[in-house]
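Participant: what shape does this take:
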Amino acid sequence: TLGYHNTCKRQFLFISLYPLSFGRAGRQEQASGPCRIFFFPRLWYTFRKGKVKHMQLRVKRVKFGDCALLETEGRRLIVDCGSDNRGARPAQGKSRFAYSAIRSAIDDDLPTDLLVSHFHSDHFCGFLRLPEPGTLLRAAPPIETAWLPWSLLKSGQPAFSGAMARLLAVAPANSYGFRLTRQILDLFQHLTVCARRIRFVRTGSRIPLDGAHLRVLWPQVEFPLMVRSKPGKGPFFQHYWDEGSDAERFDYDLYPYQEMEAQAETLFLGLLERLGPRRGALLEARRGVQSALNAYLELLHQEQPPREAPAERFQALRASMEPLLALHDALWADLARPGAPQALITDLKGFAKAQYHRLVDGLNAMSVVCDLEDRVLFLGDAPPHVVDHIHGSGAGFRRFYQVVKLQHHGTGAYFTPKTPAGDHYILSNGGYERRKVGVNPIKSLTRQPSCLLHCTDAHDDPARFCRYARDCGGCSPNCRPVTGDELVLPL
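Facilitator: Below is the predicted model of the structure:
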């Protein structure tokens, strides 16, 4: 008996064999005895491999965030799931709001992978709500493979462990940097449970999708990781702009990330000197966390890590964090008392803010940029110098795409004229006034009169969320507001 079974995110081709006996006339008769059933996971889809005929892109509305589902008849890839905004119910929270966009996809039977373009919460916080396996109704992990951006420098050293350890040591608990660091660590822990395997991708990697492959164009380990800063301010300047980050464009200098790291470490050690007796304990605890984080990330980047090793390494990391977080809480409890040195508080907060922005710059610069033939291009939050580099490289962009998911939500500060051309552009924006849709992206892209700009949420209040609509008297004629729960584009 040949059959196909599909349940709990697991697909089987099974063959049932019954003992047979043959009579004198050659008749087949079923003999008594146990039935033998053999299961062949994934073999069903092996028979189906070939050119993908039916594919669609489903872009979800998550306000200022990103969430897209690339689907075929036999498989699904969720590209990012996060938001900086809450849903209609304030108590829902950002992660629950983002996860609600993919809940039905997680609960169905289609094999599902996920891709995190980079480690910023508006791209991954929804994944923190993935259901863990181990119940009667969900025996298997809901995700087959979690694809993550390569995070090791050319030297093999994890790029961001130093910044994350410094933020855990001295950043206020309610600061962006402290919360982002905890969220990234929670994501790693959650994916080791909710995904069958974790794989890190870089230039040259391939992400399979039901017989097709997404080509990974970035991050490129051989290219030095660079971050941007205001001209003349050095690599660890607190922010690019004097009046927030709602800028259409700005001039900047590029600095090697390792040079920024060295300057950040020098400033961090200077702050510790001002903490008196706490200095030694904080420094030692910070080093322990950074060392444990390095070991954990290096293990995850292995092609085939031992099965139980990631959980064990993460437990070691958690154990190393306990003394550091205890020292952190005691520090800020003392600084909250009357008479605490205000200059020290101001400098600690300023350092935490600068470290957060430089960390985000590094994360953005290592965004996964990938395409699927000439059908769709995902740019993550790749900064302009990365897009320009890919454009000029030998294995760069294709000349034209059906769909281009614009980087950094269509803001002017991240746009470059070398952004590839396409029939459809996705602007996942709205809900965050300091990151408006820019004027330059709209004007530049619409030089191709036939292209369409699909705006997910900024059109709900264009004066607040779209600089083009505010400055140019309304939406572009090429703009097509997304009014339902999602935009579906056949590919």
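Participant: and the gap between the closest residue to Arg129 other than its chain neighbours and Gln315?
Facilitator: Distance criterion Cβ to Cβ, 6 or more residues apart in numbering; nearest residue to Arg129, sequence neighbours excluded, is Tyr99 at 3.7 Å. Where C-beta positions appear, they are placed from N, C-alpha and C, glycine not excepted. Distance, Tyr99 to Gln315, using Cβ to Cβ, to the nearest Å: 26 Å.
Participant: so for the two, which sits in the more crowded spot?
Facilitator: Counted by other Cβ atoms under 10 Å, Tyr99 and Gln315 do not tie: Tyr99 has more neighbours, with 24 against 13.
Participant: please give me every residue in contact with the more buried one.
Facilitator: Cys81, Gly126, Phe127, Leu128, Arg129, Leu130 (Cβ atoms under 8 Å, 6 or more residues apart in numbering).
Participant: and what of Ile78?
Facilitator: Cys67, Ala68, Leu69, Leu70, Ile102, Ala105, Thr112, Asp113, Leu114, Leu115.
Participant: surely it is within a strand?
Facilitator: Yes: under DSSP: H, G, I helix; E, B strand; the rest coil, Ile78 sits within a strand.
Participant: partners of it in the sheet?
Facilitator: Beta-bridge pairing for Ile78 (DSSP bridges): Leu69, Leu114.
Participant: which residues of the stretch 51-200 of the chain score low on pLDDT?
Facilitator: 51-53, 88-91, 135-137 (pLDDT under 70).
Participant: try the stretch 201-350 of the chain
Facilitator: Residue ranges of the stretch 201-350 of the chain with pLDDT under 70: 232-233, 237-250.
Participant: can you pull out the strands in it?
Facilitator: Secondary structure of the stretch 201-350 of the chain, counting by DSSP state E, counting those that start in this stretch: strands at 206-209, 212-218, 226-229, 253-256.
Participant: one more: the stretch 1-150 of the chain?
Facilitator: Ranges of strands in the stretch 1-150 of the chain, per DSSP E, counting those that start in this stretch, are 2-7, 10-17, 20-22, 28-30, 36-41, 55-60, 65-72, 76-83, 112-115, 143-149.
Participant: right, so of the strands of the stretch 201-350 of the chain, which gets closest to Leu348?
Facilitator: Taking Cβ to Cβ, strand 226-229 is the member of the strands of the stretch 201-350 of the chain nearest to Leu348, at 20.8 Å.
Participant: parallel or antiparallel, list what pairs with the closest one.
Facilitator: Using DSSP bridges, strand 226-229 pairs in its sheet with strand 253-256 (antiparallel).
Participant: distance between the partner strand and the chain's centre?
Facilitator: 24 Å (Cα atoms, centre = their mean, to the nearest Å).
Participant: and what of stretch 294-301?
Facilitator: 18 Å.
Participant: residues in contact with that stretch?
Facilitator: 150-152, 156-158, 161, 188, 198, 200, 305, 309-310, 313-314, 316-317.
Participant: so what's Asp457 up against?
Facilitator: Contacts of Asp457 (Cβ under 8 Å, 6+ apart): Arg61, Val62, Lys63, Phe64, Ser428, Asn429, Gly430, Gly431, Phe465, Val482.
Participant: output these as CSV; include the columns neighbour count and distance to Asp371.
Facilitator: Below are those laid out as CSV (neighbours: other Cβ atoms under 10 Å; distance: Cβ to Cβ, whole Å):
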residue, neighbour count, distance to Asp371
Arg61, 20, 23
Val62, 32, 22
Lys63, 24, 26
Phe64, 23, 24
Ser428, 31, 18
Asn429, 26, 22
Gly430, 29, 25
Gly431, 22, 28
Phe465, 24, 28
Val482, 20, 22
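Participant: do you know how far Ala421 is from Cys370?
Facilitator: Taken as Cβ to Cβ, the span from Ala421 to Cys370 is 18 Å.
Participant: look at those two and report which has more neighbours.
Facilitator: Cys370 (26 against 15).
Participant: okay if I get the contacts of Ile78 as a markdown table plus distance to Leu445 and neighbour count?
Facilitator: Below are the contacts of Ile78 laid out as a markdown table (distance: Cβ to Cβ, whole Å; neighbours: other Cβ atoms under 10 Å):
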| residue | distance to Leu445 | neighbour count |
| --- | --- | --- |
| Cys67 | 22 | 25 |
| Ala68 | 18 | 26 |
| Leu69 | 24 | 22 |
| Leu70 | 22 | 26 |
| Ile102 | 28 | 25 |
| Ala105 | 29 | 17 |
| Thr112 | 31 | 22 |
| Asp113 | 30 | 22 |
| Leu114 | 28 | 27 |
| Leu115 | 24 | 26 |
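Participant: identify the bridge partners of Val437.
Facilitator: In beta-bridge terms (that is, DSSP bridges), Val437 pairs with Cys466.
Participant: doesn't Ala458 make contact with it?
Facilitator: Yes: counting by Cβ atoms under 8 Å, Val437 touches Ala458, with 5.1 Å between them.
Participant: where do the contact lists of the two overlap?
Facilitator: Common neighbours of Val437 and Ala458 (Cβ under 8 Å, 6+ apart) are Leu427, Asn429, Phe465, Cys466, Ala469.
Participant: wait, which of the residues you listed is closest to Leu167?
Facilitator: Nearest to Leu167 among the shared contacts of Val437 and Ala458, counting by Cβ to Cβ, is Asn429 at 27.0 Å.
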